[in-house]
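*Asks:* need a structure here:
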Amino acid sequence: MKFSELVKLLEESGFSIVREKGSVRYYGKQGWDKLVRVDFHGSKEVPKGTCHAIIKAAGLKKDHRV
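*Replies:* Residues are numbered from 1 along each chain as shown. Predicted coordinates for the structure are as follows:
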């Protein structure tokens, strides 16, 4: 999965950018008390462990296109 695809998945799940500094983006959504940090690198592939950690932090299921 590419970073852009992961961000699209988060946005489809109701997350939006709360804060951004350089390539680091923080996503949040109403009713979710934690921010999800994504070090955005566009079209590069997300390392598998990083992808699982971001999906877990967002409270999404692991079967999402990983």
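
*Asks:* Can you list the strands that the helix or strand hosting R19 pairs with?
*Replies:* Mapping R19 onto the secondary structure by DSSP states H and E places it in strand 16-21. Partner strands and pairing direction for strand 16-21 (DSSP bridges) are strand 24-29 (antiparallel).

*Asks:* Contacts made by the strand it pairs with with the rest, please.
*Replies:* 7, 10, 13-20, 34-40, 58 (CB atoms under 8 Å, 6 or more residues apart in numbering). C-beta: built from backbone N, CA, C; applies to glycine.

*Asks:* let's go with 7 Å and repeat that
*Replies:* The contact list for strand 24-29 (CB atoms under 7 Å, 6 or more residues apart in numbering) reads 10, 14-19, 35-40.

*Asks:* Could you name the helices and strands sitting against the next helix or strand after that strand?
*Replies:* Sequence-wise, the next helix or strand downstream of strand 24-29 (DSSP H and E) is strand 32-39. Counting by 3 or more CB pairs under 7 Å, 6 or more residues apart in numbering; DSSP states H and E, the packing neighbours recorded for strand 32-39 are helix 3-12, strand 24-29, helix 48-57.

*Asks:* mean confidence score for strand 32-39?
*Replies:* On average, the pLDDT along strand 32-39 is 94.

*Asks:* what inclination does it have with respect to helix 48-57?
*Replies:* Using axes from the mean of the first three to the mean of the last three CA atoms, to 10 degrees, the inter-axis angle of strand 32-39 relative to helix 48-57 is 160 degrees.
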